[in-house]
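# Turn this into a structure:
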Amino acid sequence: MSTFSKLAQNIALLSQKRATGEWLLHSSDTLWKLYFYQGGLLYATGGFHRCRRWQRALKQHCPDFVPEGASLDDEPWESQRLNLGVTQKQLSITQAKAVIRTTGQEVLFFLACHPVTSSRWSPSKQSHSEIFLSLPLSSADIEQILKKVEQLWQQWQNAGLANIFPEQAPVWKQPPQEKNWSLEKLLNGDNTLWDIAYQLKRPVTTVTLSLLPLIRRDAVELKEVPDLSLPLSKKSAATSKASSNVKKLQPASVKQPLIACIDDSPVIGQTLEKILIPAGYRLLKITEPLRQMSEIVKHKPDLIFLDLLMPDASGHSICTFLRKTPMFQNTPIIILTSRDSIVNRGQAKLTGASDFLSKPPEREKVLQIIHKYLSISKNS
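Below you'll find the model as predicted:
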């Protein structure tokens, strides 16, 4: 039985049992979440492009909808915002379901293309409003999505696209001989294959096949791109500004090094803050790397402390992703770990880590390792 067949079988079983809760799946070193309510699919999310996937679905099915007001702490926040939009009559239930359907297909297609290494079911007994109860996709809807994903997966495999993924962004490696403004505009490294398919209103398989000759000629290359930032409401934006994770950010004229801490534990961020701020450094605290990846790209830290074990993504996958991003190819990445074993060090080195620091971080060791690698950067 194929990986997708097992996945589809388990989803059908959850639907038949009218299960309520979240199904956590690890695939390609990334966490994916499928939320169910009384057997209906409430939302599917996860991966590095959570916001990009969400915004693309909104543009496709409800371009005039401006989601706001729902807290990002309530998971899944996407369905919370859809529920609020329906309640405030900014969008219809049909539109909300279309968003859930489209994002679900993309998530399930990724899971069809990548082996699931582990999974865990977490039951829930949450009660919801009447409108919220109408959002989950029915068993018939779920069955239809699974059929579409299976068809797309088979088309993708038969077309010889097994080594290409729709989350990748094509970009010109060699300038085209003939000017094609539509292609030049789309192949700028900012649009994934999913994005281009949406903009051209064509199937992603068709779009990818049309680009395949250029990829094989090495005229176009595929790159990993960061997620988009989530548009905040006015209220949320004000709150975000007041409680910014970026500490002691100075005007551009003040060249104080910016250190990023990617760790889901607020305690580690607070510890580093007490060490770094008095020493004259700026600190960017990232507790949700999948959602805040755009912040890392925006601020371009001089050095990154990275936790290995986080609930939404492993440090190894984040390190690999950063190393594939041109602006971070030479950025010092220091792994924070409480499991300081030879195996962990070896695996981290393979993913591009520069060095290691044991938890809890000690002041002298933190400052020494920063001085070591920032000095190397200045002299290189």
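# How many neighbouring residues does the residue nearest to Glu224 when sequence neighbours are not counted have?
Distance criterion CB to CB, 6 or more residues apart in numbering; nearest residue to Glu224, sequence neighbours excluded, is Lys324 at 4.7 Å. For glycine as for every other residue, the C-beta is placed from the backbone atoms N, C-alpha and C. Residues near Lys324, counting by other CB atoms under 10 Å, number 13.
# wait, isn't Lys324 in contact with Val225?
No. The criterion here is CB atoms under 8 Å, and Lys324 misses it with Val225 at 9.7 Å.
# could I get stretch 215-224 in PDB with only the CA atoms?
What follows is stretch 215-224, C-alpha atoms only, in PDB (Å, rounded to 0.1, in the frame of the first residue of the first chain):
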ATOM      1  CA  ILE A 215      14.800  23.600 -16.200                       C
ATOM      2  CA  ARG A 216      16.500  20.800 -18.100                       C
ATOM      3  CA  ARG A 217      18.400  23.400 -20.200                       C
ATOM      4  CA  ASP A 218      19.600  25.000 -16.900                       C
ATOM      5  CA  ALA A 219      18.000  28.200 -18.000                       C
ATOM      6  CA  VAL A 220      15.700  28.200 -15.000                       C
ATOM      7  CA  GLU A 221      16.500  26.900 -11.600                       C
ATOM      8  CA  LEU A 222      14.200  26.000  -8.700                       C
ATOM      9  CA  LYS A 223      14.700  27.700  -5.300                       C
ATOM     10  CA  GLU A 224      13.300  27.500  -1.800                       C
END
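# quick one: average confidence on it?
Per-residue pLDDT over stretch 215-224 has a mean of 89.
# Same question for stretch 174-188.
Here the average pLDDT along stretch 174-188 is 67.
# Same question for stretch 121-135.
Rounded mean pLDDT across stretch 121-135 is 74.
# could you measure the residue nearest to Glu224 against Ile334, distance?
To Ile334, Lys324 is 19 Å away according to CB to CB, to the nearest Å.
# before we move on, what about Thr192?
In terms of CB to CB, Thr192 sits 30 Å off from Ile334.
# Would you map the helices across the stretch 251-380 of the chain?
266-276, 289-299, 315-324, 342-350, 363-379 (DSSP state H, counting those that start in this stretch).
# Determine which of those approaches Trp153 most closely.
helix 315-324 (22.3 Å; CB to CB).
# Tell me how far the closest one lies from the chain's centre.
How far helix 315-324 lies from its chain's middle: 12 Å, per CA atoms, centre = their mean, to the nearest Å.
# okay, the angle between that helix and helix 289-299?
30 degrees (axes from the mean of the first three to the mean of the last three CA atoms, to 10 degrees).
# Can you spell out which helices and strands pack onto helix 315-324?
When contacts are defined as 3 or more CB pairs under 8 Å, 6 or more residues apart in numbering; DSSP states H and E, helix 315-324 sits against strand 303-307, strand 333-337, helix 342-350.
# dump the residue contacts of Ala44.
Trp32, Lys33, Leu34, Tyr35, Ile100, Thr103, Gly104, Val107, Leu108 (CB atoms under 8 Å, 6 or more residues apart in numbering).
# same thing but at 7 Å, please
Leu34, Thr103, Gly104, Val107, Leu108 (CB atoms under 7 Å, 6 or more residues apart in numbering).
# ok but it is inside a strand, no?
Yes. With DSSP: H, G, I helix; E, B strand; the rest coil as the criterion, Ala44 is part of a strand.
# Per-residue pLDDT of it, please?
Reported pLDDT for Ala44: 96.
# Next: Asn191.
pLDDT, Asn191: 92.
# and the residue most central in space within the chain, how far is that from Pro67?
Centroid check for the chain by CA atoms, centre = their mean gives Phe48 as the closest residue, at 1.8 Å. Noted for Phe48: a distance of 21 Å to Pro67, by CB to CB.
# nearest to Ser92, of the helices of the stretch 251-380 of the chain?
Closest among the helices of the stretch 251-380 of the chain, once you apply CB to CB, is helix 289-299, at 27.2 Å.
# contacting residues around that closest one?
48, 50-51, 226-230, 246, 258, 260, 262, 284, 286, 310, 312-313, 318.
# can you do 8 Å?
Contacts of helix 289-299 (CB under 8 Å, 6+ apart): 31, 46-48, 50-51, 72, 226-230, 245-246, 249, 258, 260, 262, 284, 286, 304, 310, 312-313, 318, 322, 325, 327.
# could you pull out the strands for this protein?
Ranges of strands in the chain, per DSSP state E, are 21-27, 30-37, 40-46, 116-123, 169-172, 220-223, 246-247, 258-262, 282-286, 303-307, 333-337, 355-358.
# export those to JSON lines and tack on distance to Leu135?
Putting those into JSON lines (distance: least, CB to CB, whole Å) gives the following:
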{"stretch": "strand 21-27", "distance to Leu135": "15"}
{"stretch": "strand 30-37", "distance to Leu135": "8"}
{"stretch": "strand 40-46", "distance to Leu135": "7"}
{"stretch": "strand 116-123", "distance to Leu135": "19"}
{"stretch": "strand 169-172", "distance to Leu135": "31"}
{"stretch": "strand 220-223", "distance to Leu135": "35"}
{"stretch": "strand 246-247", "distance to Leu135": "35"}
{"stretch": "strand 258-262", "distance to Leu135": "33"}
{"stretch": "strand 282-286", "distance to Leu135": "30"}
{"stretch": "strand 303-307", "distance to Leu135": "34"}
{"stretch": "strand 333-337", "distance to Leu135": "39"}
{"stretch": "strand 355-358", "distance to Leu135": "44"}
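# export the helices of the stretch 251-380 of the chain to CSV and tack on distance to Leu91?
Output for the helices of the stretch 251-380 of the chain, formatted as CSV (distance: least, CB to CB, whole Å):
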stretch, distance to Leu91
helix 266-276, 35
helix 289-299, 23
helix 315-324, 33
helix 342-350, 44
helix 363-379, 48
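# Out of the ones you listed, flag the one nearest Gln16.
helix 289-299 (30.6 Å).
# Okay, buried residues for the closest one please.
Residues Pro289, Leu290, Arg291, Gln292, Met293, Glu295, Ile296, Val297, His299 are the ones in helix 289-299 that count as buried (16 or more other CB atoms under 10 Å).
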